[in-house]
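**Student:** Generate coordinates for the sequence data below:
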Amino acid sequence: MFQNIEKHIDLLDANKNNILDMWMSYPIVQTKLTQNTLNIEFFKDKFASKVFDFAMSVVKKTNTVGDCPVIGVMLMLFKKKNIPLSDVFMICVHFKNALLHFAQNNSILDDATLRELSILMDYNFEGVINEYVILYYKDTTSQRKVITKTIPMQQSQVDEDVTIVETLDAHTGTSAQLYLQEVNVDMEMIEELSELESDTLDSIDAQEELDQNSLDDSSILFRKYAQVLDSMLEFDELTYTLKLLADLLNEVEFNSLSTETKFMVDIYLKAIISDLQSWRMAIFITMEAEDIHYLDKTLLSSIAQIQMTLMPQVETQEDEIEFF
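**Tutor:** Okay, the predicted model is just below:
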C-alpha cells in the first residue's frame, strides 16, 4: 500500500528526531501547545514520538491505518484540558507538514510518495478527529462500537484498498467469559497483580503524606500491569497509558512537589489502583463483566488527570524551546 514510502523507511527512521523537531518548531504548534499549557518537550517525548512510531509501523505493515493506541491517551488529556478541536487540528496537521517538508528537503518527494504520505496522514488524522468529536462533544458514558471497513481508493492513488477503523455510538462489547475463552491467561500473573495492588495500597496508606516509596511502588505496579496486558489481545490503549504513567512517576522530581500536589497525586493513585482492582476482578476472577472495556475511559480519565498534575510546567516565552 505504501511501497514508495517503504523505500525510504530507513531514512525516515534515522531522522525521527529531526522530523519531530521540525514538527515542534512550527510557530503555530508551539503557540497552540503553550496556550493550552502543554509542555512542548513533554508532548514531543510522550505523544509525538509515539505517533511517529505508529505511522512508520503502518508503512511496515505491522499496524493498521487509524488504529493508534496512543491517540486515545493523547485525546483524553486534550479533553481534560478542554483543548478546542481547532487547536487539535492545528497541532496534528503539522506532523504531515513536517513529513512533507523533510521529504522535499531530501529529494524523495515525487508524485507517488506525495500521494502515499497524504493518504497515510489523512486517514490517521480522520481517526483523530472522529475520536475527539465523540470524546469531547458527545456523552462519554455511552458505549461505542468499533467496526472495520474497507474504503475503495482510485488505482492512481494506492495499489490496495485502505482499511480503517471507524468508531460509532452503539452498545457493544466482548464479555469477560467470551474473551477468556479466546485467550490463554496466566493466572499466576493475575494473582501477582493482586499482591502488588495490596502491597502498593498498604505503602500509600502507611504514610500521612505521599512519599517517594509510594511513587516507586505505584510505578512498579503500573509497569507490571502493562507487562501483563501487553501479552494479551485487546488492551493496547490501556497498556500504553499505564507504561506512560509508570514512566511519569519514575521521572518526577519528588522534592519539587508541593504539599497540595502530593495530596492530589495520593488521591488519584488510590483511585486508579482501586479501579484496576475492580476491573481485574470483573474480567479475570468473577468474569461478570459484560464488556471487557467497560472501565477503559474511567481509567484513562484518571490517568490523564494525574498526568496533568505531574506534567512539567509550560516554558515562558523567555525559556521557550528553540529547535533550530
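**Student:** May I see the buried residues of the top helix by length along the chain?
**Tutor:** Ranked by residue count and defined by DSSP state H, the top helix of the chain is helix 111-137. Of the residues in helix 111-137, 112-113, 115-117, 119-121, 123-125, 127-128, 130-132, 134-136 count as buried by neighbour count, 16 or more other C-beta atoms under 10 Å. The C-beta positions use only the backbone N, C-alpha and C, and glycine is treated the same way.
**Student:** Look up which helix or strand the spatially most central residue of the chain falls in, please.
**Tutor:** Centroid check for the chain by C-alpha atoms, centre = their mean gives V70 as the closest residue, at 2.2 Å. If you go by DSSP states H and E, V70 is part of helix 69-80.
**Student:** Would you mind identifying the next helix or strand past that helix?
**Tutor:** Using DSSP H and E, the first helix or strand after helix 69-80 is helix 85-105.
**Student:** so for that next one, what's the average pLDDT?
**Tutor:** Summarised as a single mean, pLDDT over helix 85-105 is 94.
**Student:** Stretch 220-236 now?
**Tutor:** Mean predicted lDDT for stretch 220-236 stands at 89.
**Student:** Return the set of buried residues in that stretch.
**Tutor:** By 16+ other C-beta under 10 Å, the buried positions in stretch 220-236 come out as I220, L221, F222, R223, K224, Y225, A226, V228, L229, F235, D236.
**Student:** Make JSON lines out of these and add secondary structure and distance to N105.
**Tutor:** Formatted as JSON lines, these follow (DSSP: H, G, I helix; E, B strand; the rest coil; distance: C-beta to C-beta, whole Å):
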{"residue": "I220", "secondary structure": "helix", "distance to N105": "44"}
{"residue": "L221", "secondary structure": "helix", "distance to N105": "45"}
{"residue": "F222", "secondary structure": "helix", "distance to N105": "40"}
{"residue": "R223", "secondary structure": "helix", "distance to N105": "39"}
{"residue": "K224", "secondary structure": "helix", "distance to N105": "43"}
{"residue": "Y225", "secondary structure": "helix", "distance to N105": "42"}
{"residue": "A226", "secondary structure": "helix", "distance to N105": "37"}
{"residue": "V228", "secondary structure": "helix", "distance to N105": "43"}
{"residue": "L229", "secondary structure": "helix", "distance to N105": "40"}
{"residue": "F235", "secondary structure": "coil", "distance to N105": "39"}
{"residue": "D236", "secondary structure": "helix", "distance to N105": "33"}
